[in-house]
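J.: Give me the fold of what follows.
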Amino acid sequence: MPKYAKLQKNIDGKDKYVITPQIPGGYITPEKLIKIGKVAKKYNGSLRITSAQKIAIGNLKEEDIDKIWEELDMEPAIKNICSVINIEMCSANFCRRSKYPIIGLGMKITKKFHGMELPGKVKIAVAGCKNACINAYIKDIGILSDSSGKLFIVVGGKGGLNPRKYDILAENLNEYEVMSIIKNLLDLYKEKSIEYEKFTNFIDRITIEKLTKYIYKTRV
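T.: From the prediction side, this is the model:
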C-alpha cells in the first residue's frame, strides 16, 4: 500500500488509489488549486469535493503516488486515522448571519491540533452562529457563537444509525479559553480512554458532569 493513499477500486485487475491533500477549512489559494488541477490532469486523476471540505484525487496508479505527493508539495489530510482528522469551518467571515469571524480561530485550532494522535479519530467543527451550516452539533467537538458573539463548545454529537444529541460543555468563552479547553479535553481523552474507545463512548463513560468539572478545574 503506497503511503498516505487509500485503495479506491480495482479496474480490470489494476488497483486505483485516492489521496487527499490537507486543505484547512476548505480554504485554498488559487495557485494551489491550479496546481492540484495540473497534477491531477498529468496523472489522469479524478477530482471530487468531499463533505469534509477537501479535494480527493482519485483514479491514481500505485507507482505514481510518491511522485504526485512530491509535485503537489502539500501535507496529507490524514496521516494517522487515530487522531484529530479534520477541522471544518463555516464561511463566517463572509456570511451576513455570522455573529463571530470564526475562520481565524478555526485556523488556530487546525495548526495546533490537526493530526494530534489519539486513541480514536476526532472531528472538530467551528461555526460563526447557532445555525451551524457545517453541522457542528454532530461533530465530536463543536465550537459555535451565540447571538451575542460569545463562543460556546458542544461535544459528543453524532449522526448516522445511532445518533447522539450533543452536550453543552462550556459557554461564554473567548478564543484563549476555547483553545485551552480543547487541549484539556483531548489530553483527558488521550489519558483516560480505553483502547480504541470512540470519543462519544468516552464521554458517556466519563459522564458530561465529570468532564465539565475537569475542564473548568484545569482551565489556564
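
J.: Please count neighbours and contacts with C-alpha atoms only from this point.
T.: Noted.

J.: partner strands of the host helix or strand of Ile57, parallel or antiparallel?
T.: Element membership for Ile57 (DSSP states H and E) is strand 55-60. Next to strand 55-60 in the sheet, as set by DSSP bridges, lie strand 14-19 (antiparallel), strand 46-49 (antiparallel).

J.: just the ones you listed: most buried one?
T.: Compared across the strands paired with strand 55-60, strand 14-19 shows the largest average neighbour count, a mean of 18 (mean count of other Cα atoms under 10 Å).

J.: hey, C-alpha coordinates of the helix or strand that that one is followed by in CSV?
T.: The first helix or strand that comes after strand 14-19 along the chain, using DSSP H and E, is helix 30-42. Extracted in CSV, the C-alpha atoms of helix 30-42 (Å, rounded to 0.1, in the frame of the first residue of the first chain):
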residue,chain,number,x,y,z
PRO,A,30,-5.8,30.0,-6.5
GLU,A,31,-2.2,28.8,-7.0
LYS,A,32,-2.6,25.6,-5.0
LEU,A,33,-5.9,24.9,-6.7
ILE,A,34,-4.4,25.3,-10.1
LYS,A,35,-1.5,23.0,-9.0
ILE,A,36,-4.0,20.3,-7.9
GLY,A,37,-5.7,20.6,-11.3
LYS,A,38,-2.5,20.3,-13.2
VAL,A,39,-1.1,17.4,-11.3
ALA,A,40,-4.5,15.5,-11.5
LYS,A,41,-4.6,16.1,-15.2
LYS,A,42,-1.0,14.9,-15.7
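
J.: Show me what helix 30-42 is packed against.
T.: Counting contacts by 3 or more Cα pairs under 8 Å, 6 or more residues apart in numbering; DSSP states H and E, helix 30-42 is packed against helix 65-72.

J.: Tell me the gap between the very next helix or strand once past the helix it packs on and the middle of its chain.
T.: Next along the chain after helix 65-72, taking DSSP H and E as the criterion, comes strand 84-89. Relative to its chain's centre, strand 84-89 lies at 1 Å (Cα atoms, centre = their mean, to the nearest Å).

J.: quick check: mean pLDDT across the helix or strand just after strand 84-89?
T.: The helix or strand immediately downstream of strand 84-89 is helix 103-113, counting by DSSP H and E. Helix 103-113 comes out with an average pLDDT of 97.

J.: Show me the contact partners of helix 103-113.
T.: For helix 103-113, the surrounding residues in contact (Cα atoms under 8 Å, 6 or more residues apart in numbering) are 24-25, 84, 87-93, 125-126, 175, 179.

J.: Could you pull out the buried residues of that helix?
T.: Neighbour-count burial for helix 103-113, counted by 16 or more other Cα atoms under 10 Å, picks out Ile103, Leu105, Gly106, Met107, Ile109, Thr110, Phe113.
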